[in-house]
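**Q** Have a look; sequence and predicted model below, questions after that.
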Amino acid sequence: MIIIDERYCKGCSICIHFCPGKALEVSKEVNSRGFYAPKVVDQAECTSCKQCELYCPDFAIFIVEDAESADG
């Protein structure tokens, strides 16, 4: 599951650029800081590669794997 903390996001779109599954896109609404944060387009397209998490300069996005996939 992709979690975006809009309180920290500055709308740089790095996460969108590095997402291999294209699970993210730019939101049409501004966040509380006045930036266009990313939004999840399709959670199912997320491969849990964590590229978004690794490249985010503000630690505003992270991946949480559910218990079923973690037990594998």
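**A** Everything's here; your move.
**Q** quick one: the strands in the protein?
**A** For the chain, the strands defined by DSSP state E cover 2-4, 24-26, 38-40, 61-63.
**Q** Partner strands of the first one and their direction?
**A** In the sheet containing strand 2-4, the strands it pairs with under DSSP bridges are strand 61-63 (antiparallel).
**Q** Name the residues of the partner strand that are buried.
**A** Under the neighbour-count criterion of 16 or more other Cβ atoms under 10 Å, strand 61-63 has 61, 63 buried. Just so you know, the C-beta spots here come from the backbone N, C-alpha and C atoms, and that holds for glycine as well.
**Q** So which residues make contact with that strand?
**A** Under the criterion Cβ atoms under 8 Å, 6 or more residues apart in numbering, residues 1-5, 9, 15, 38, 46, 48, 50, 52-53 lie in contact with strand 61-63.
**Q** could I get those residues as a markdown table with distance to residue 60, neighbour count and pLDDT?
**A** Converted to a markdown table, these look like this (distance: Cβ to Cβ, whole Å; neighbours: other Cβ atoms under 10 Å; pLDDT from 0 to 100):
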| residue | distance to residue 60 | neighbour count | pLDDT |
| --- | --- | --- | --- |
| 1 | 15 | 12 | 93 |
| 2 | 11 | 22 | 96 |
| 3 | 9 | 11 | 96 |
| 4 | 6 | 20 | 96 |
| 5 | 5 | 14 | 95 |
| 9 | 4 | 23 | 95 |
| 15 | 8 | 24 | 97 |
| 38 | 9 | 27 | 96 |
| 46 | 16 | 21 | 95 |
| 48 | 18 | 14 | 94 |
| 50 | 14 | 14 | 96 |
| 52 | 9 | 24 | 96 |
| 53 | 10 | 17 | 96 |
